[in-house]
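Visitor: predicted model, plus sequence, below.
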Amino acid sequence: MQFIDINGHIIHYQWQNTGKEHTFVFINSLGTDYRIWTAVAEALQEYGNILLFDKRGHGLSDVVPDTNGLADFANDVQTLIEELKIKKCIIVGLSVGGMIAQVLASRIPEKIEKLVLCDTRHKIGNAPIWNDRIKAVEKEGLSRISDGVMQRWFSESFRKENKIQVTGYKNMLERTTTLGYIKTCEAIRDADLTELASQIKIPTLCIVGSEDKSTTVNEVRNLSELIKDSRFEIIQGSGHIPCVDNPQALVKLIYSFIDRPSK
Ligand SMILES: O=C(O)CCC(=O)CC(=O)O
């Protein structure tokens, strides 16, 4: 386990530097930690070095009560990239992780070779939706919303066929700290990256699961249309977290995007 102190808070990360030419940086979604990338990272490690980390308030990283929006989440990743002396990377971001990736694309474009934006948008939801969710979690904790979240994360057939796995992911969500979760909801609520996304010039792959109920096919297509050098792909049968419910399909798309034939 590796930890770094970034301006007084601890971020948990895993840096697998095998001296490869390429590096993948993965950014996880709301209510998850970096373990969601395990299968994808294992498949991509023969091609690139791998940086995984738990964003603040998630996994083993500190909760930072004075977090103020997506910029603070982006600061953590930027610091990690700089401290580890990563010159160029391919950023793979899921949902809010994809929003953080968009912020980084505007801040440090010279360090980003390509962007993979999974099940994300330039704006997710609206203020009333996020305020209702925050209120429910403040009052009754994450177990109040976790069954509903599983229905958005995973397709009906995946939930039926993988009951044990879904229970495990529900545990992951419920064990996220309430404050860490709420701070992330606030950051998503307050972010509108429409203008920023339209300025991205980095080659980008936008991916969505056909059954994603959090960021739908049309919503992610809409993001892809904003980004000039962008490709749009749908993973059939997948929900909001394709790195869990169909990592093979996700890896195949990433390999084809980086011009490397998959095995
Ligand atoms: O997954 C995220 O990072 C934010 C989008 C969301 O609301 C996911 C969910 O349905 O809980």
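Guide: Received, thanks. Every value quoted in this text rests on a predicted model; they were computed, and no experiment measured them. Numbering: from 1, shown residues only.
Visitor: all helices of the stretch 151-263 of the chain, in order?
Guide: Remark: helices assigned in the stretch 151-263 of the chain by DSSP state H, counting those that start in this stretch are 156-161, 163-174, 178-189, 194-198, 217-226, 242-245, 247-257.
Visitor: and what of the stretch 1-150 of the chain?
Guide: 38-44, 70-83, 96-107, 127-140, 146-153.
Visitor: out of the helices of the stretch 151-263 of the chain, which is closest to the ligand?
Guide: helix 178-189 (5.9 Å; CB to the nearest ligand atom). In short, each C-beta sits where N, CA and C put it, glycine included.
Visitor: quick revisit: just name the most buried of the helices of the stretch 1-150 of the chain.
Guide: Comparing the helices of the stretch 1-150 of the chain on average neighbours per residue, with mean count of other CB atoms under 10 Å, the densest one is helix 96-107 at a mean of 25.
Visitor: near the ligand, anything from that helix?
Guide: Yes - interface with the ligand: helix 96-107 contributes Val96 (CB under 6 Å from any ligand atom).
Visitor: tell me where the chain is predicted with low confidence.
Guide: 260-263 (pLDDT under 70).
Visitor: quick one: name the residues of the stretch 151-263 of the chain near the ligand.
Guide: Arg152, Ile188, Ser214, His240.
Visitor: which one of the residues you listed sits closest to Asn222?
Guide: Distance to Asn222 across these (CB to CB) is lowest for Ser214, with 14.4 Å.
Visitor: so what's the closest one up against?
Guide: Neighbour list for Ser214: Ser95, Asp119, Ile124, Arg152, Trp153, His240 [criterion: CB atoms under 8 Å, 6 or more residues apart in numbering].
Visitor: what sits closest to Pro65 if chain neighbours are left out?
Guide: Leu179 (6.4 Å; CB to CB, 6 or more residues apart in numbering).
Visitor: ok, now how distant is that neighbour from Leu52?
Guide: 23 Å (CB to CB, to the nearest Å).
Visitor: the more surrounded of those two?
Guide: Under the criterion of other CB atoms under 10 Å, the comparison of Leu179 against Leu52 puts Leu52 first, with 24 against 15.
Visitor: check contacts around the more buried one.
Guide: So Leu52 contacts Tyr13, Gln14, Gln16, Phe26, Tyr34, Trp37, Ala41 (CB under 8 Å, 6+ apart).
Visitor: and Asn49, by the same measure?
Guide: Trp15, Gln16, Asn17, Thr18, Gly19, Lys20, His22, Thr23, Phe24, Ile86.
Visitor: nearest spatial neighbour of the last one, skipping sequence neighbours?
Guide: Nearest non-adjacent residue to Ile86, counting by CB to CB, 6+ apart: Thr23, 5.3 Å away.
Visitor: rewinding a little: need the max-distance pair from the contacts of Ser214.
Guide: Most distant of the contacts of Ser214, by CB to CB, are Ile124 and Trp153, 14.0 Å apart.
Visitor: name the nearest residue to the closest residue to the ligand within the stretch 51-200 of the chain, ignoring sequence neighbours.
Guide: Nearest residue of the stretch 51-200 of the chain to the ligand (CB to the nearest ligand atom) works out as Ser95 at 3.0 Å. Spatial nearest neighbour of Ser95, excluding adjacent residues (CB to CB, 6+ apart): Ser29 at 3.8 Å.
Visitor: OK, contacts around the closest residue to Leu205 other than its chain neighbours?
Guide: The shortest distance from Leu205 to any non-neighbouring residue, by CB to CB, 6+ apart, is to Phe257 (4.3 Å). Phe257 makes contact with Lys114, Val116, Pro203, Leu205, Arg231, according to CB under 8 Å, 6+ apart.
Visitor: in stretch 242-249, what counts as buried?
Guide: Pro242, Cys243, Val244, Asp245, Asn246, Pro247, Ala249 (16 or more other CB atoms under 10 Å).
Visitor: circling back to that earlier point, make a markdown table out of the contacts of Phe257 and add neighbour count and distance to Arg221.
Guide: Output for these, formatted as a markdown table (neighbours: other CB atoms under 10 Å; distance: CB to CB, whole Å):
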| residue | neighbour count | distance to Arg221 |
| --- | --- | --- |
| Lys114 | 20 | 19 |
| Val116 | 25 | 16 |
| Pro203 | 18 | 17 |
| Leu205 | 22 | 13 |
| Arg231 | 14 | 11 |
